[in-house]
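Student: sequence unavailable; structure follows:
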C-alpha cells in the first residue's frame with residue numbers, strides 16, 4: 001500500500017509539471033505556467049485539494065529532467081512508531097466499524113473509553129491517527145445523505161482524454177474472452193482495442209500500442225483501479241510518452257460512463273450475434289470485431305455529438321505521431337536491482353554483469369519482456385550501457401505469458417451471417433491499405449499478444 005501511495009504521489013507531481021517541463025518553452029513562458037500552477041488548488045493523490053509552492057514545482061521539474069519519472073517518486077520515510085500500538089489498532093477498528101467517523105471523533109471515542117476504565121495512557125494526536133488511517137486506506141469518510149450529483153462532461157478536443165476499461169465476452173476456444181478498449185472522450189472513436197484471455201498488462205499494452213501508432217498520443221488516460229491499470233508498466237508508458245494517468249476513486253466510477261455505454265453497444269449489436277463457442281479463435285474474434293467497428297460503429301451518427309465518431313475524430317489535427325523508437329522505449333518493462341560486490345545483478349534466475357562503478361548502488365534495468373538477453377542499465381537518470389549476460393536460464397519474463405494457442409476446429413455449421421458480411425465488407429475496404437487494423441490484429445497474434 002505504501003508503494004502504491006508513493007507512486008500516486010509521483011503521478012500527481014508529474015501531472016502538475018508535465019506542461020511546464022516542456023523543453024520547448026522559454027524561461028518566461030515556463031515562469032508564467034509555474035506561477036499559475038502555484039496560484040491554484042489541485043486535486044491531490046487522495047482527492048483532497050492541495051496547493052503547491054513555486055519553489056517546489058521548480059524542484060520537481062529539475063528532478064524530472066535529471067532522472068525522469070522515477071526521480072519524482074518520494075523516498076520511503078524511516079519512521080519509528082512512538083505512539084501506543086494498541087490504541088492505533090483500536091483507531092483502525094473504530095474507523096472500520098463506521099467509516100463516517102472522522103479522526104477527531106475516533107480520538108474522542110478512545111479518550112472516552114480510556115476514561116471510563118480509569119486508564120491513563122498517552123492518546124495519539126489527531127494528526128497521528130489521520131496518518132495511520134491513511135496507511136490502511138481508511139482516510140475517506142463514508143458517504144452520508146443523498147449521493148453527489150455530477151454534470152455531463154466532455155473533453156474539449158480530440159485526444160484530450162482517452163477512457164479505458166475491460167469487458168467480458170463470449171467463450172472462445174473453451175475459455176472466456178476479455179475485451180480491452182479505449183475510447184476518445186470527445187469523438188467517441190474507439191482508438192484501441194484487443195480481445196484476449198487474460199486481464200493483464202500484456203493485453204492492455206497490445207491495445208494501447210495499436211492506439212498510439214495509429215491515433216496519436218492523448219493528454220490523459222482515465223481508467224479504474226483494476227490490476228492492469230495500476231501496474232508499474234502502464235505508469236512508465238505514460239511517463240515516457242508524456243501522458244497524465246488518472247484513476248477513478250474507488251466506489252466513484254463517474255466519468256467512465258462513455259466506455260460503459262460503448263460496452264453495452266458491443267453486447268447489444270456485436271455479441272448478440274455470437275454464441276459461446278461459435279468463434280473458434282481469438283484471431284477470428286479480433287478480425288470480426290475490427291470489421292464491425294470500422295464498418296458499422298464508427299460510421300453511425302452519435303446521439304449526443306450529432307456526428308459519426310470517424311467524422312469528429314478525423315476533423316482534428318493530431319499533430320506529430322510518436323516515432324517507432326519512442327514507442328519501443330515506452331513499452332519496455334523496468335525493474336530495480338542492487339549491484340553486488342562482483343558488479344553483478346540477478347533478474348528472474350538470470351545473472352548479468354554491469355559497470356563496476358555501480359557496485360553497491362541501486363539501478364534500474366529496462367527490457368523487452370519477451371527478450372531478456374538485452375537489459376539497458378540506468379542510474380539516477382544516466383545510462384550505463386547494456387548489462388552483459390553471464391548466465392541465462394530464461395529468455396522471457398515470467399509474467400509475459402502469451403494467450404494459450406487456440407484450437408482451430410473451423411467455423412460452426414450454423415455460420416455467423418451478419419459478422420461474416422461485415423467482415424467481408426471490411427476486407428474489401430481495406431485491401432491494399434498500408435495501415436489497416438486487420439493486419440495489425442494479425443501481427444499482434446503472431447507476436448503472442
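Tutor: Happy to help now that I have it. Keep in mind that what you see is a predicted model, and the values were worked out from it rather than measured. Numbering: from 1, shown residues only.
Student: any regions of this protein where pLDDT drops low?
Tutor: Low-confidence segments of the chain (pLDDT under 70): 1-3, 76-82, 139-152, 250-255, 402-449.
Student: in it, what residue spans correspond to strands?
Tutor: With strands called from DSSP state E, the chain shows them at 42-43, 49-50, 161-172, 175-184, 190-196, 220-223, 244-247, 333-338, 344-347, 350-353, 362-368, 371-379, 382-391.
Student: closest one to residue 291 among those strands?
Tutor: Comparing those by their distance to residue 291 (C-beta to C-beta), the top pick is strand 190-196, with 12.2 Å. Just so you know, the C-beta spots here come from the backbone N, C-alpha and C atoms, and that holds for glycine as well.
Student: now for that closest one, which elements pack on it?
Tutor: Judged by 3 or more C-beta pairs under 8 Å, 6 or more residues apart in numbering; DSSP states H and E, strand 190-196 is in contact with strand 161-172, strand 175-184, helix 201-215, helix 282-295.
Student: tilt between the first one and helix 282-295?
Tutor: Between the axes of strand 161-172 and helix 282-295, defined by axes from the mean of the first three to the mean of the last three C-alpha atoms, to 10 degrees, the angle is 130 degrees.
Student: going by contacts, tell me the helices and strands next to strand 161-172.
Tutor: strand 175-184, strand 190-196, helix 201-215, strand 220-223, helix 257-269, helix 282-295.
Student: check the last one too.
Tutor: With contacts defined as 3+ C-beta pairs under 8 Å, 6+ apart, the secondary structure elements packing on helix 282-295 are strand 161-172, strand 175-184, strand 190-196, helix 417-430, helix 437-446.
Student: ok now that helix, how far from the chain's centre?
Tutor: Centre-to-centre, helix 282-295 and its host chain are 24 Å apart (C-alpha atoms, centre = their mean, to the nearest Å).
Student: of the helices and strands packed on strand 190-196, which approaches residue 244 most closely?
Tutor: It's strand 161-172; of the helices and strands packed on strand 190-196, that one is closest to residue 244 (C-beta to C-beta) at 9.0 Å.
Student: the spatially closest residue to residue 239 that is not a sequence neighbour - how many residues pack around it?
Tutor: The spatial neighbour of residue 239 that comes closest, neighbours along the chain excluded (C-beta to C-beta, 6 or more residues apart in numbering), is residue 69 at 3.4 Å. Residue 69 has 20 neighbouring residues, counting by other C-beta atoms under 10 Å.
Student: for residue 69, give me its contacts.
Tutor: 10, 14, 235, 236, 239, 240 (C-beta atoms under 8 Å, 6 or more residues apart in numbering).
Student: got a markdown table for the residues you listed, with distance to residue 23 and neighbour count too?
Tutor: Conversion of the contacts of residue 69 to a markdown table gives the following (distance: C-beta to C-beta, whole Å; neighbours: other C-beta atoms under 10 Å):
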| residue | distance to residue 23 | neighbour count |
| --- | --- | --- |
| 10 | 20 | 22 |
| 14 | 15 | 23 |
| 235 | 22 | 21 |
| 236 | 20 | 21 |
| 239 | 16 | 21 |
| 240 | 15 | 19 |
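Student: distance of the nearest residue to residue 13 once chain neighbours are set aside relative to residue 90?
Tutor: Spatial nearest neighbour of residue 13, excluding adjacent residues (C-beta to C-beta, 6+ apart): residue 72 at 4.6 Å. With distances taken as C-beta to C-beta, to the nearest Å, residue 72 is found 36 Å from residue 90.
Student: in terms of neighbours, single out the busier of the two.
Tutor: Shown here are residue 72 and residue 90; by other C-beta under 10 Å, residue 72 has more neighbours (22 against 18).
Student: ok, the closest residue in space to residue 302 that isn't next to it in sequence - how many residues close by?
Tutor: Spatial nearest neighbour of residue 302, excluding adjacent residues (C-beta to C-beta, 6+ apart): residue 188 at 5.2 Å. Residue 188: 25 surrounding residues under other C-beta under 10 Å.
Student: quick check: residue 188 touching residue 259?
Tutor: No - with contact defined as C-beta atoms under 8 Å, residue 188 does not count as touching residue 259 (9.9 Å).
Student: next, give phi and psi for residue 231.
Tutor: Main-chain torsions, residue 231, degrees, to the nearest 10: phi -70, psi 150.
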